[in-house]
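Visitor: Fold the following.
(one chain, ligands or ions: 1)
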Amino acid sequence: MITPRFNFNPKKTITMVMLAFVGFGFAQERTSILLDKGWKFTREDNANFQKKEYNDKKWQTVTVPHDWAIYGPFGIDNDKQHMAITQDGQKEALEHAGRTGGLPFVGTGWYRKNITIPEGSAGKKIILQFDGAMSHAVVYINGEKVGNWPYGYNTFYFDISKFVKEGDNQLAVRLENLPESSRWYPGAGLYRNVHLIISEKTRIAHWGTAISTEKLEKDFAKIKINTEVEAPKDAKDLSLLTEIFDDKGNKVAEERAEITSYDELKKAQELIIPQPKAWSVESPTLYRVVSKLYQNGELKDISTSQFGIRTIEIIPDKGFFLNGVKTEFKGVCLHHDLGPLGAAVNKAAIRRQIKIMKEMGVNAIRTSHNMPAPELVEACDEMGMMLMAETFDEWKIPKMKNGYNLLFDEWAEKDAVNLIRHYRNNPSIVMWCIGNEVPEQGSPSGAKVARYLQDIFQREDPTRPVTQGMDNPDGVLKNGMAAMMEVAGFNYRPFRYREEYEKLPQSIILGTETASTLSSRGVYKFPVVRKSMAKYPDHQASSYDVEHCSWSDLPEDNFIQHDDLPYAIGEFVWTGFDYLGEPTPYYTDWPSHSSLFGIVDLAGIPKDRYYLYRSHWNTKENTLHILPHWTWKGREGEVTPIFVYTNYPSAEVFINGKSQGIRKKDLSVDLVKTENKISYENFDRQKRYRLMWMDTRYEPGTVKVVAYDENGKAVEEKTIHTAGAPAKLQLEVDRNVLDHSGKDLAFVKVSVVDKDGNLCPFDEREISIKVNGKGSFKAMANGNPTSLESFQTPKMKAFSGALVAIVEGGETPGKITFEASAKGVKSAATEITVK
Ligand code: GAL
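Guide: The predicted structure is shown next:
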């Protein structure tokens, strides 16, 4: 047996995944290698960079995933866009400063890496896969062009067998981001993982296994498996053994199939699994299909595909059914960036986001407006989160001068096919989305393009419904686009659902994008009135959750539709987390580089709105949340409304022990009664979902809320206090045991508190972080969209009294010490373990 020689140290890294590896030149099972370390990187551009002999020693050494732009600095001129956003109702061109995050992502970047192909690889199939490269990737091996893939969000791969030789090979990748190509921060570089996959030439095709649940009963499930085999034309005596293993590793089904001729390389099999455990949001059980390919009894290839047993169905007028259970989408739209980590994919950061969302009661994520990272899809599979996987923000008619419109004709089908084949076995994906608010909605031939795309999805994957986010109801009702979509998805048009329903043959409506409520964590504006496109000198929005855009609304304006209309199958709120770019309504008001739409801020700290959604969506746990904070020096005696977000039907508020009265959710509020402007301004819809004391006046001390159940019995209470002088820092760690992958992250929330632990909500002092031991400081963020501080410098100002610092665990087990300090207050320290 020949020992493989790779240019990495298996002792120091767990990046090599060997699927039943036996050895080269002997047994024939595929090997997958993660190309993460030892990349060279430059922002310069030169045709010599692709040459094998080019000396890149002076370039920066980086680890992939890598986002070259997240290191900043922020600047008003980075991708400044002089244009009118017609979608947002702008009639004249404006200077949009922070629309794409104010970060330096535009331009070229080159990556180079030496890859060692093991001895005995001659005659093997060698695949190079990029999970995503931003953007316009051109890939070279040993100076020769292998191929290109322009769309930055998609996974693509090349067969590089004929470009490589055993031993050293030079891989080079050129990337280029165009100005005015995006409506948000896209990230830059090799921001997702890169893999090398080596197998025999006679093998299971890449993404060649398609698994679907044909029938799900209590006693059995019928699973259909289509396997595509690749083999030389004259290959004989092939056979396929398909095995299914359950979540405990027990084999639960198997079937062997002979492949008697070259024409039979696509094999369809149906296997029965007894006593199946269905995949669901509550119980995300996963199974594995292991496909083994033999020739003359010799094992040639093994390919493993994770899947879940689950059925999905959309029944007109009734709704969406997961495993036969009516399921309403309590969804959020998410951009791909991970706040201070930029677009560089990280498993721990993604899982933290999903955890925060699940706790709010979210059951679905829309990957707006592009293809998800594999790490997100896998996490959703494992953690129980449904996904709507999206493709494009633009088809042929431009939204952005240099956007996808330039690629559509040549690439749309290829991009769609890669998305589908990559993820068709992942149970979390329950719907495909072919576009977002495309201008074709208003064009007479728009339905033809929609049909072209929907047909591709139906051809490649007949098991999932297809939708599209439409915001031009008049256009799509007129040109037939809305009627031909499998699921009619509307953005920000809940007030038209009833009219659309009458006209649409599907008799189903999905809120593909809703709310776009604006708020900044811990910032409250007075008086408390409903406002559209409100702007303030501090470039923030009120956390009373009463502000929105001219096209959007408040959470309850959507709750009421989805609660009262049986054919409305749920919603995807814009957005779960704040993201880089799109600081609407501060289009031109620099500094402002990130959104205010998030239910959770850019640092991952929930805003008040989080608890409003939680009170409505999380039906397993109780929610009792008071806002605003109660530290209002200078507002003594002034009207300072108090809101309570709770699942309980009523509650009573006390200020310094004095009752301010009981408020009860008004369940008589319905769609018809609240149709007009007055009811909007009076917060009538809100009265059904949130408890509001509009006339309370501020006096320092305590606010107590007592929640009552249906019988008027006091069941829970909560108290908040006026904070005293800032005294110390307080730490809260999301996970204090990390693995030793060198990539695992702990998120530490640092708050400035008084001597009793009450948050000092206006504190903005600079906090410094020190990390020692078996880990290092990675990044930090405070959730303030106007902060121009670097995410990677270990000091930053608190925003509304808090921020989050991120620690990266190292590659050796041991302890990490984390210390936060700031002038004038007691510092705080904690320990994190690397296992
Ligand atoms: C929608 C759009 C989103 C985002 C949002 C902000 O129209 O689809 O990408 O721009 O508006 O409200």
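
Visitor: Please enumerate the helices of this structure.
Guide: Using DSSP state H, the helices assigned to the chain run over residues 347-360, 374-383, 408-423, 446-460, 473-478, 481-484, 497-503, 555-564, 609-617, 677-681, 686-689.

Visitor: Most tightly packed of those?
Guide: Among these, helix 609-617 has the highest mean neighbour count (mean count of other CB atoms under 10 Å), at a mean of 24. Quick note: C-beta positions are derived from backbone N, CA and C, even for glycine.

Visitor: Mind listing what's buried along stretch 579-596?
Guide: Neighbour counts over stretch 579-596 (16 or more other CB atoms under 10 Å) mark 579-587, 590-596 as buried.

Visitor: scratch that, stretch 200-211
Guide: Residues of stretch 200-211 classed as buried by neighbour count (16+ other CB under 10 Å): Glu200, Thr202, Arg203, Ile204, Ala205, His206, Trp207, Gly208, Thr209, Ala210, Ile211.

Visitor: Within reach of the ligand, which of the buried residues of stretch 579-596 are there?
Guide: Glu582, Thr584 (CB under 6 Å from any ligand atom).

Visitor: Which one of the buried residues of stretch 579-596 is nearest to Gln792?
Guide: Using CB to CB, Leu580 is the member of the buried residues of stretch 579-596 that lies nearest Gln792, at 14.3 Å.

Visitor: per-residue confidence at that closest one?
Guide: Residue-level confidence at Leu580 comes out at 98, pLDDT.

Visitor: From the ligand, how far out is it?
Guide: If you measure Leu580 against the ligand using CB to the nearest ligand atom, to the nearest Å, the figure is 13 Å.

Visitor: Kindly report the same for Gly634.
Guide: As for Gly634, its distance to the ligand is 34 Å (criterion: CB to the nearest ligand atom).

Visitor: and the residue of the stretch 101-250 of the chain nearest the ligand?
Guide: Using CB to the nearest ligand atom, the point where the stretch 101-250 of the chain gets nearest to the ligand is Arg183, with a distance of 6.2 Å.

Visitor: what about Gln87, neighbour count?
Guide: The local packing count at Gln87 equals 13, with neighbours defined by other CB atoms under 10 Å.

Visitor: just the strands in the stretch 1-150 of the chain please.
Guide: Counting by DSSP state E, counting those that start in this stretch, the stretch 1-150 of the chain has strands at residues 16-18, 31-34, 39-42, 60-62, 81-83, 94-96, 107-117, 125-130, 137-141, 144-149.

Visitor: sorry, that was for the stretch 701-835 of the chain
Guide: 702-708, 714-721, 728-733, 737-738, 745-753, 766-773, 775-781, 795-797, 802-809, 814-822, 825-834.

Visitor: In the stretch 201-350 of the chain, which residue sits nearest the ligand?
Guide: Cys333 (7.5 Å).

Visitor: how near is the residue nearest to that residue when sequence neighbours are not counted to His593?
Guide: In this structure, Cys333 finds its nearest non-sequential neighbour in Ser368, 4.2 Å apart by CB to CB, 6 or more residues apart in numbering. To His593, Ser368 is 19 Å away according to CB to CB, to the nearest Å.

Visitor: Then Gln540?
Guide: Distance, Gln540 to His593, using CB to CB: 13 Å.

Visitor: cool, and Lys233?
Guide: Shown here: Lys233 relative to His593, a distance of 56 Å by CB to CB.

Visitor: now swap in Thr640 and tell me
Guide: From Thr640 over to His593 the distance is 31 Å, taken as CB to CB.

Visitor: so what's the residue in the chain that the ligand sits nearest to up against?
Guide: Sorted by distance to the ligand under CB to the nearest ligand atom, the residues of the chain start with Ser516, at 3.5 Å. Residues in contact with Ser516 (CB atoms under 8 Å, 6 or more residues apart in numbering) are Tyr492, His548, Cys549, Trp551, Ser552, Asp553, Trp574, Thr584, Phe597.

Visitor: quick one: pLDDT of it?
Guide: In this prediction, Ser516 carries a pLDDT score of 98.

Visitor: swap in Val753?
Guide: Here the pLDDT value assigned to Val753 is 98.

Visitor: ok, now Glu675?
Guide: 89.

Visitor: Not counting sequence-adjacent ones, nearest residue to it?
Guide: Residue nearest to Glu675 in three dimensions, not counting chain neighbours: Phe495, with 7.9 Å by CB to CB, 6+ apart.

Visitor: try Ala746
Guide: Val807 (4.6 Å).

Visitor: Likewise for Asp45?
Guide: Closest residue to Asp45 in three dimensions, ignoring its sequence neighbours and counting by CB to CB, 6+ apart: Thr108, at 4.1 Å.

Visitor: Counting neighbours, what do you get for the one you found?
Guide: Taking other CB under 10 Å as the neighbour definition, Thr108 ends up with a count of 16.

Visitor: Please apply the same query to Phe526.
Guide: As a burial measure, Phe526 scores 15 neighbours (other CB under 10 Å).

Visitor: Surely it is in contact with Glu638?
Guide: Yes. Proximity of Phe526 to Glu638 meets the contact threshold set by CB atoms under 8 Å, at 7.5 Å.

Visitor: hang on, the earlier thing: mutual contacts of Gln540 and His593, please.
Guide: Contact criterion CB under 8 Å, 6+ apart; residues shared by Gln540 and His593: Pro785, Thr786.

Visitor: coming back round to it: which two of the contacts of Ser516 have the greatest separation?
Guide: Set against one another by CB to CB, the contacts of Ser516 have their most distant pair in Asp553 and Thr584, with a gap of 14.1 Å.

Visitor: so where is the stretch 151-300 of the chain shaky, pLDDT-wise?
Guide: Segments of the stretch 151-300 of the chain classed as low confidence (criterion: pLDDT under 70) are not present in this model.
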